[in-house]
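In: I would like the atomic coordinates for the input below:
(chains A and B)
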Amino acid sequence: MARVQLENVTKRYEDVTAVDDVNMEIEDGEFVTFVGPSGCGKSTTMETVAGLTRPTEGRVYIGDDDVTNLAPKDRGVAMVFQNIALFPHMDVFENISFGLRLRTYDDEEIQRRVEQAADIVQLEGMLDRMPDEMSGGQRQRVAIARAIVRNPDVFLMDEPLANLDAKLRVHMRTELQRLHRELGTTIIYVTHDQAEAMTMSDRIAVLNAGKLQQIAPPLECYNQPANLFVAGFIGSPSMNFAEGTLDETGLATANFHVEFDPGLVPGASVGDELTLGIRPEDVHLSTDADALAETTAPIDARSDVLEPMGDEIFVYLLLSEGAERSMEEDPASSADQLLMSVTPDTDIAENRSVDVVLDRSNIHLFETASGEALVHGLTDRSEQEPGTTATEADS
Amino acid sequence: MTNETPPDDRHGAGERTPSDGETETVDADDVPAHWTRARRMPDGGRTEDRGHDTLLGESGDDAELDRGPFERWVANAIKNPERAYRAMFYTATVFFLVTTLFPFYWLLMVALTPEGQQQDIILTPNGFNPSAFIEVFQVLPFHWYVFNSFVIATASTIVVLIIASLAGYAFGRLEFPGKVPMMMLVLVISFFPPAAFFIPLNDLFNTSFFALEPITGDGTLYNTPGAMVLPLSAIFMPLAIFILTTFYSQIPEGLEDAARVEGTTRLGALFRVIIPLSAPGVATAGVLTFIAVYNEFFFSFLMTDGQPENWAPILEGILGYQGQYEVMYHLMAASSIIGVIPVAILVIVAQEKIVSGLTAGALKE
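Out: Sure, this is the predicted structure:
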């Protein structure tokens, strides 16, 4: 039993609230990733689970036990740290067996378990090495072995791959997934790298400014973001946003008009300020739009800069005549710009006038003021529910 | 402006027309006269404003200065400062070695000189009497004094290291209100002259406490190691606290967190991870404390009655060779040399520890 539950967890330092009233329930054996920008409170949230930080308010449960006031050593958790944190004065065997030697295990049992753990992370024959004689990836594997050797109820991983080079990071990512499949232990994983979050987790918990924004499976966060923050944070490059006003015929933004029945948008009325969100891959050239079921009316645009990525091309579109490409803002969030992703064989060049259409089934509408998602998909047939924390969709 | 062309007009008239009064001559190589000088200079250097055709240095300007050896040395040192630094290093080292080692040499000479011939010892002993090193143990139980000092210094070092480790951990790794004022207080107290504490402490240690009776017999601390360990630990504590605070604060946070998650308490992490990784700092603080207590005079002299069975330290032993009518200088010298040996061994051993700790490599954050 290793369900983890956070109940109204709040952590305040003198003048900052690092974690603000976070509630979540993590099932036994689940792989949950905390993701968010730097300083969003994801590491602090994990530390409250580890016991390294005591929450100012709220309770933490592991299994059925309230562990809020227990010391880290009594919680049945193991942790892998961003800076690896191997004890430099101990060799690999001593590092892995550190936790076992603090408990009442006999030497044979320790030997057996260390060898088993070393076997899982493929460290055989390296048990007498010192940490400074090993490469970054090997050290990381020692840290993982140190965590698994105690058979903990919950693994906590605080950006364990952040200090590794890109190639090794991808490799360790699959290793961790394999490990999770083999051990079946609950894993809480903290990262700011959304690729890690998307690929590894059963569910993603997106945090911002200490608040939990959405906790859902990766694809749900991607396809049905609960609010503007999640929509902008998940996905790379990020979603295009255009602010506008709801009128009787649809949404009028500064540069284009999207027609739809305002009744499709639950909880919104004519005159409301809404933000339209559309992912780069859901913007299409009007010439390529035949395959799509429903699209918006063509939007005049001019291609500005092309970014060929190999498998796709990112096209920066300028929507209004004379608009300058903004140097300061994220291009996707500027009202006059639209980022489009097209296949490499598309006939497109810089500085050309093009007509683009938006795939109606993947248009997201958010309430501008609160950022809450109102509807995902603007087709009449659309039965899609908005994200779980969105406003009353079924009213 | 004349339109006169030079004799050899291969360059074209307009290009090579000299102005009035500046008739340029062109030599056989077809090079203007003012270029030839430049050609002769290896650096192609400046020729203008130079009345003569010599290079700097060729003129013998420097050689004309008749420099003495010291001036030459100074010029050399400015050009090549490494030499000056090396010279300073050797000077300082020789000075230091002479001032520290010569007294020992002289002590040895005094010790080797037979009794009654101590006058006029300059560089060699007047006679040869190595039996003084045996005699010191026959006249007085000198080994007993050495043992007492060793116990007192060891006990004080242990007390200092334990308490200063806890203080250093708190000051170095925790945030709490009043941290800076408390560190200041420790610093200020360390500036007090130890003598200021002597009279009240002596009074206190001569007071009988019922609770101490099973341990000391008469219930007082006078004539026990406690009478020296307690004040000396307190006096040498602040230095150790500052050394350990610095070392402990540099151990990465992650290592302590890792130890705590793995199963230690904060205190366990201190003793299993932070202290082993701060070995050089702990060794430094320990050695400094040990030597300071071992060498201490004031409390050691006054907190016992001078009898070896009453924990009198080595100092009392050395002074014990001084009688009312006779001072056995050769025995005092010999016992002083013997007394230095434990400290010398400790420094040699600890020095290796410190060096090995430092070369073990920086911690990877």
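In: so for stretch A:157-177, mean pLDDT?
Out: Per-residue pLDDT over stretch A:157-177 has a mean of 85.
In: in it, which residues are buried?
Out: Neighbour counts over stretch A:157-177 (16 or more other C-beta atoms under 10 Å in any protein chain shown) mark A:157-161, A:163-164, A:168-169, A:172-173, A:175-176 as buried. Every residue, glycine included, has its C-beta placed from N, CA and C.
In: that stretch: how far from the chain's middle?
Out: Its chain's average C-alpha position is 15 Å from that of stretch A:157-177, according to C-alpha atoms, centre = their mean, to the nearest Å.
In: and the contacts of it?
Out: For stretch A:157-177, contacts defined as C-beta atoms under 8 Å, 6 or more residues apart in numbering or on different chains pick out A:31, A:43, A:46, A:79-84, A:121, A:136-137, A:140, A:143-144, A:187-193, A:196, A:199-200.
In: out of the residues you listed, list just those in strands.
Out: Using DSSP state E, A:Phe31, A:Met79, A:Val80, A:Ile187, A:Ile188, A:Tyr189, A:Val190, A:Thr191 are the members of the contacts of stretch A:157-177 that sit in strands.
In: who are the contact partners of the fifth one?
Out: I take that to be A:Ile188. A:Ile188 neighbours (C-beta under 8 Å, 6+ apart): A:Val4, A:Ile26, A:Val32, A:Thr33, A:Phe34, A:Met46, A:Val49, A:Val154, A:Phe155, A:Leu156, A:Met157.
In: and which of those is nearest B:Ala334?
Out: A:Leu156 (65.2 Å; C-beta to C-beta).
In: make sure the closest one is indeed in a strand.
Out: Yes. Per DSSP: H, G, I helix; E, B strand; the rest coil, A:Leu156 lies within a strand segment.
In: quick one: it from chain B, how far?
Out: Computed as C-beta to the nearest C-beta, to the nearest Å, the A:Leu156 to chain B distance reads 8 Å.
In: for that residue, what are its contacts?
Out: A:Met46, A:Val49, A:Ala50, A:Val77, A:Ala78, A:Met79, A:Val80, A:Ile187, A:Ile188, A:Val190, B:Val261.
In: and for it, nearest residue in space, chain neighbours not counted?
Out: Leaving aside its sequence neighbours, A:Leu156 sits nearest to A:Met79 (C-beta to C-beta, 6 or more residues apart in numbering or on different chains; 4.3 Å).
In: neighbour-wise, which of the contacts of A:Ile188 leads?
Out: Highest neighbour count within the contacts of A:Ile188, by other C-beta atoms under 10 Å in any protein chain shown: A:Phe34, with 31 neighbours.
In: the helix or strand that residue falls within packs against which elements?
Out: Under the criterion of DSSP states H and E, A:Phe34 resides in strand A:31-35. The helices and strands touching strand A:31-35, judged by 3 or more C-beta pairs under 8 Å, 6 or more residues apart in numbering or on different chains; DSSP states H and E, are helix A:42-50, strand A:186-191, helix A:194-200, strand A:203-208.
In: ok, residues contacting it?
Out: A:24, A:26, A:42, A:45-46, A:177, A:180, A:186-194, A:196-197, A:200-207, A:215, A:233-234.
In: and if we set it to 7 Å?
Out: Residues outside strand A:31-35 that contact it (C-beta atoms under 7 Å, 6 or more residues apart in numbering or on different chains): A:26, A:42, A:45-46, A:180, A:187-192, A:194, A:197, A:200-207.
In: tilt between that strand and helix A:42-50?
Out: Angle between the axes of strand A:31-35 and helix A:42-50 is 140 degrees (criterion: axes from the mean of the first three to the mean of the last three C-alpha atoms, to 10 degrees).
In: what lines up beside strand A:31-35 in the sheet?
Out: strand A:186-191 (parallel), strand A:203-208 (parallel) (DSSP bridges).
In: right, and those strands - which one's nearest B:Phe104?
Out: Using C-beta to C-beta, the strands paired with strand A:31-35 put strand A:186-191 closest to B:Phe104, at 61.7 Å.
In: off-centre distance for the closest one?
Out: In terms of C-alpha atoms, centre = their mean, the centre of strand A:186-191 is found 11 Å from the chain centre.
In: same thing with stretch A:275-292?
Out: 24 Å.
In: residues in contact with that stretch?
Out: The contact list for stretch A:275-292 (C-beta under 7 Å, 6+ apart) reads A:228, A:231, A:235, A:237, A:239-244, A:251, A:253, A:258, A:295, A:298, A:314, A:338-342, A:346, A:354-359, A:362-366, A:368.
In: show me those residues that map onto helices.
Out: Counted as lying in helices by DSSP state H, out of the contacts of stretch A:275-292, are A:Leu228, A:Ala231.
In: pretty sure A:Arg12 is touching A:Thr56, no?
Out: Yes. Between A:Arg12 and A:Thr56 there is a contact under C-beta atoms under 7 Å: 4.6 Å.
In: follow-up on the earlier one: can you put the helices and strands packed on strand A:31-35 in CSV and add mean pLDDT?
Out: Formatted as CSV, the helices and strands packed on strand A:31-35 follow (pLDDT from 0 to 100):
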stretch, mean pLDDT
helix A:42-50, 91
strand A:186-191, 93
helix A:194-200, 88
strand A:203-208, 93
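In: just the buried members of the contacts of stretch A:275-292?
Out: Among those, those classed as buried by 16+ other C-beta under 10 Å are A:228, A:231, A:235, A:237, A:239-242, A:244, A:251, A:253, A:258, A:295, A:298, A:314, A:338-342, A:346, A:354, A:356-359, A:362-366, A:368.
In: now the end-to-end length of stretch B:125-141.
Out: Distance across stretch B:125-141, first residue to last, is 26 Å (C-alpha to C-alpha, to the nearest Å).
In: pLDDT averaged over it - what is it?
Out: Throughout stretch B:125-141, pLDDT has a mean value of 89.
In: how about that stretch: buried residues?
Out: B:Pro125, B:Asn126, B:Asn129, B:Ala132, B:Phe133, B:Glu135, B:Val136, B:Phe137, B:Leu140, B:Pro141.
In: and stretch B:98-116, by the same measure?
Out: In stretch B:98-116, counting by 16+ other C-beta under 10 Å, buried: B:Leu107, B:Met109, B:Val110, B:Ala111, B:Leu112, B:Thr113.
In: narrow those residues to those in helices?
Out: Those of those mapping onto helices are B:Leu107, B:Met109, B:Val110, B:Ala111, B:Leu112, per DSSP H.
In: quick check: of those residues, which lies closest to chain A?
Out: The closest of those to chain A turns out to be B:Leu107 (C-beta to the nearest C-beta; 41.3 Å).
In: thanks a lot, catch you later.
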